[in-house]
Every structure is written in C-alpha cells, then in structure tokens.
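> predicted model and sequence follow; I will ask about them next.
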Amino acid sequence: MDLVMLNTNRDHPSTMELGELQDEARKIFSCLVGMGRAVVCKRVAEKYWLVDDIVVYGKMFDEQ
C-alpha cells in the first residue's frame, strides 16, 4: 500500500506576524502544499499506470 500524507501548519508564528499580509501568506502556502501533493500523487498514479488519476493530478497541479 502506498500512502501520501501532508501535514501543514498555516498558523505558524512567522505567518501570524505578517499583519495584513497574513491572509496572502496563507493562500500562497496553501497553493504550494496543493502543488506538492498533486506532484506526489501523480507520481504514485504513474507508478501504477492509473491513467485517469494521472490526468486529474496534472490538472490539479496546473490549477494551483
């Protein structure tokens, strides 16, 4: 069984100290995490020749 798990902390103190830029920092961080997750999941799908999933994760990456 191959599993992928990402754990993120968007409330890290370094983000919280940005004042009015806090929301933008959280959005960027979320986007980067989404892109990373899509890359890893696409690689797993490629390993098992899951063509439909390869396409889906490619689109997820592009949308981020």
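In hand now; what should we look at?

> could you use CA atoms for every contact and neighbour count after this?
OK.

> and the gap between Asp53 and Asp62?
Note on Asp53: its distance to Asp62, by CA to CA, to the nearest Å, is 14 Å.

> between those two, which one's more packed in?
Higher neighbour count among Asp53 and Asp62: Asp53, with 17 against 10, using other CA atoms under 10 Å.

> in what helix or strand does that one lie?
helix 51-63 (DSSP states H and E).

> low-confidence stretches in this structure?
4, 6-16 (pLDDT under 70).

> distance of the residue most central in space within it from Glu20?
The centroid of the chain falls nearest to Gly34 when counting by CA atoms, centre = their mean (1.7 Å). Relative to Glu20, Gly34 is positioned 23 Å away (CA to CA).

> same check on Glu46?
Relative to Glu20, and taking CA to CA, Glu46 is found at 41 Å.

> those two - which one has more neighbours?
Glu46 (15 against 9).

> what about that one, distance to Glu24?
For Glu46, the distance to Glu24 - CA to CA - is 33 Å.

> quick one: secondary structure of Leu3?
coil (DSSP: H, G, I helix; E, B strand; the rest coil).

> burial measure for it, as a count.
Neighbours around Leu3, by other CA under 10 Å: 7.

> start at 460 instead
New numbering, starting at 460: the last item is Leu462.

> hang on, the earlier thing: the helix holding Asp512: how far from the chain's middle?
The chain centroid and the centroid of helix 510-522 are separated by 12 Å under CA atoms, centre = their mean, to the nearest Å.

> who touches that helix?
493-494, 497-498, 500-502, 504-505 (CA atoms under 8 Å, 6 or more residues apart in numbering).

> mark which of these are buried, thanks.
Buried members of the contacts of helix 510-522, counted by 16 or more other CA atoms under 10 Å: 493-494, 497-498, 500-501, 504.
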